[in-house]
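*Asks:* compute the structure for the input listed below.
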Amino acid sequence: MDPRAALAEADALHQTRRFADAASAYRRALKGDPALFEAWYGLGCASASQAAHGEAIEALRRAVALRPDAIGARCNLAEALFELGQADAAVAEYRQAAAAGDSEASAIALGALACIAPGCPGMDHAGIRSVRERWAASVGRGITPMPPPGRTGGKLRIGYVSAFFGARNWMKPVWGVINRHDRDRFEVHLLSDGADPSAESGYADHAEDRIWRIGGVANEVLVRRVRSVRLDVLIDLNGYSRQARLPLFLYRAALRQVAWFNSYATSGMSVFDALVGDASVVTPEEEEHYCESIVRVPGSYLAFEVLYPVPDVAPPPILTNGWLTFGSFASAYKITDEVVTAWSQILLAAPSARLLLRNRTLGDASNRAALTARFALHGIAPERLTLEPGAEHFDFLRGYAEMDVALDSFPYNGGTTTTEAVWQGVPVLTFNGDRWAGRTSRSLLEAAGLSEWVASDVADFVRRATALAQGKETAARLATLRAGMRARLAGSAVCDTETLCRSLENIYRALAAN
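*Replies:* Residues are numbered from 1 along each chain as shown. Prediction:
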């Protein structure tokens, strides 16, 4: 087939979202003309649409090599790189796109940089704040904050904004707090950008609570509705996971505005009166890198409660395998080159150990090949790795029965991932990172009474993991720890959502009174 004819067919298939067929047609076009930029670009986009990020990276790199000024291709390449943990490479591509002079591409690139910055090894506190302030300033053009509405008296009116109220796995800390609010003193509003709060996700319905369905409602419309009911405190639970909703807070929708739960760096927006953390995640010396005032709760700011069925805790597999299985169920974008290096050092020092990785990205062959190749660069043979795709949540959690010790990711730790690992009896080995995102696991483990699993730095992290793999007492130690893990957690601060709720209520009252 003529390459141009194949390209036209591929484009037509792409437009009708037949991505696999389109990718095949793009390959036919490239077989006839390997220098066909449009076909490489189309193949990259079609592959990315199927979450085949490894294939997308190869195609988009070819496209950018053929046409360096193709900013759209560069932005798509950056996105694919980030999805596979190539965070700093993604930053480099986004920065080139942002500086290219195309206003639309610049906005896309700047927004992406603001979103991914806390998980990029090459970013420091100052860099994260700078890029987020730039993005906030760009989306805030034309928005004039309104004067804070006055306090009305009576119950304190509080509103939580989230796109994920229906996500049972993510909401374990949120519902632990919201379910315990004192309805005699607080009027609770849930502003939902996604699925409704439900018993299945962990919400204990209260007749007096007010649920707002705000999906698709523009920020400039929503702010008027929020102000019409005179909310005293509006709490953002999304952070940059629902970036399009953040400009709502630039209008000053409520008397006081707070960021909690999914915020693990500064928002870059001074309109937040407080950012909720704890003593483990932000040091006093680092507060200068935050636009918000840091308020700290006792224990962990992510104290959680499991309110839905999960698998029973299984014995550690080392008892039957005879070798230690390390693992991580972290998202692929958290598995940076630095993480691969550290995990490889552990495997090299412990030749009998295995590494189990599981996430939704690993369902694609090109993604598995890309990850295997990164480990191969450090001398890790493919047979040392078990790569499994994502699954329905209960079955996903059942996978922890195949893991002895979870290895944390960095500089973007597990949050939900760490919570779920320990609840399934699997200890998480982490270290004290250089930023909030790299100390989330520390927050959870210290509150759980598991401080011995927090190393001082990455070298100590590797040393401790190696010692576990080589230790003669490791199997017995893990069996004992695993058997009593849930009781230990339930009696610790990490599951004390009552105290977290009261602490947040005190913060809300204090803010509204000033």
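*Asks:* quick one, what contacts residue 504?
*Replies:* 177, 260, 276, 297 (C-beta atoms under 8 Å, 6 or more residues apart in numbering). For glycine as for every other residue, the C-beta is placed from the backbone atoms N, C-alpha and C.
*Asks:* secondary structure element holding it?
*Replies:* Residue 504 is part of helix 497-513, with elements assigned from DSSP states H and E.
*Asks:* in that helix, what counts as buried?
*Replies:* Buried residues in helix 497-513, counted by 16 or more other C-beta atoms under 10 Å: 497, 500-505, 507-509, 511-512.
*Asks:* which pair in those residues spans the largest distance?
*Replies:* 497 and 512 (22.0 Å; C-beta to C-beta).
*Asks:* list the contacts for the nearest residue to residue 412 once chain neighbours are set aside?
*Replies:* Nearest residue to residue 412, sequence neighbours excluded (C-beta to C-beta, 6 or more residues apart in numbering): residue 119, at 3.5 Å. Taking C-beta under 8 Å, 6+ apart as the criterion, residue 119 is in contact with 87, 333-334, 336, 411-412, 437.
*Asks:* ok, those residues vs residue 154, which is closest?
*Replies:* Looking across those and measuring by C-beta to C-beta, the closest to residue 154 is residue 437, at 38.7 Å.
*Asks:* C-alpha coordinates for stretch 252-261, CSV please?
*Replies:* Written as CSV, here are the backbone C-alpha positions of stretch 252-261 (Å, rounded to 0.1, in the frame of the first residue of the first chain):
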residue,chain,number,x,y,z
ARG,A,252,-12.0,32.8,47.5
ALA,A,253,-15.2,30.7,47.6
ALA,A,254,-15.5,30.4,51.4
LEU,A,255,-14.5,32.3,54.5
ARG,A,256,-11.5,30.0,55.0
GLN,A,257,-9.9,27.5,52.6
VAL,A,258,-7.9,24.5,53.6
ALA,A,259,-5.9,21.8,51.7
TRP,A,260,-5.8,18.3,53.1
PHE,A,261,-5.3,14.7,52.1
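*Asks:* what does it contact?
*Replies:* Here stretch 252-261 has contacts from 145-151, 159, 173-174, 222-223, 226-227, 230-237, 239, 249, 267, 271-276, 292, 301-302, 504, 507-508, 511-512, using C-beta under 8 Å, 6+ apart.
*Asks:* ok, now stretch 124-131?
*Replies:* Contacts of stretch 124-131 (C-beta under 8 Å, 6+ apart): 110, 113-114, 117-118, 123, 265-266, 268, 286, 289-291, 434-435.
*Asks:* again, only using 6 Å
*Replies:* 113-114, 117-118, 265-266, 289 (C-beta atoms under 6 Å, 6 or more residues apart in numbering).
*Asks:* go on, stretch 158-166?
*Replies:* Contacts for stretch 158-166 (C-beta under 6 Å, 6+ apart): 170, 186, 189-195, 197, 201, 231, 233-238, 242, 508.
*Asks:* now a PyMOL select for only the buried ones of these.
*Replies:* Remark: buried members of these, expressed as a PyMOL selection using 16+ other C-beta under 10 Å:
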select buried, resi 170+186+189+190+191+192+193+194+197+201+231+233+234+235+236+237+238+242+508
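*Asks:* just the ones in strands from the contacts of stretch 158-166, please.
*Replies:* The strands, defined by DSSP state E, take in 186, 189-192, 233-236 from these.
*Asks:* closest to residue 306 out of those residues?
*Replies:* residue 190 (20.3 Å).
*Asks:* and the nearest residue to that closest one once chain neighbours are set aside, which helix or strand is it part of?
*Replies:* Excluding its sequence neighbours, the residue lying closest to residue 190 (C-beta to C-beta, 6+ apart) is residue 211, at 4.9 Å. Taking DSSP H and E as the definition, residue 211 sits inside strand 210-213.
*Asks:* now the helix or strand just after that strand - C-alpha only, PDB.
*Replies:* Past strand 210-213, further along toward the C-terminus, the next helix or strand under DSSP H and E is helix 219-228. Taking Å, rounded to 0.1, in the frame of the first residue of the first chain, the C-alpha atoms of helix 219-228 are listed here in PDB:
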ATOM      1  CA  ASN A 219     -15.600  27.200  38.600                       C
ATOM      2  CA  GLU A 220     -17.100  30.700  38.100                       C
ATOM      3  CA  VAL A 221     -20.600  29.300  38.500                       C
ATOM      4  CA  LEU A 222     -19.700  27.000  41.400                       C
ATOM      5  CA  VAL A 223     -18.100  29.800  43.400                       C
ATOM      6  CA  ARG A 224     -21.400  31.700  43.400                       C
ATOM      7  CA  ARG A 225     -23.300  28.700  44.600                       C
ATOM      8  CA  VAL A 226     -20.700  28.100  47.400                       C
ATOM      9  CA  ARG A 227     -20.900  31.700  48.500                       C
ATOM     10  CA  SER A 228     -24.700  31.600  48.400                       C
END
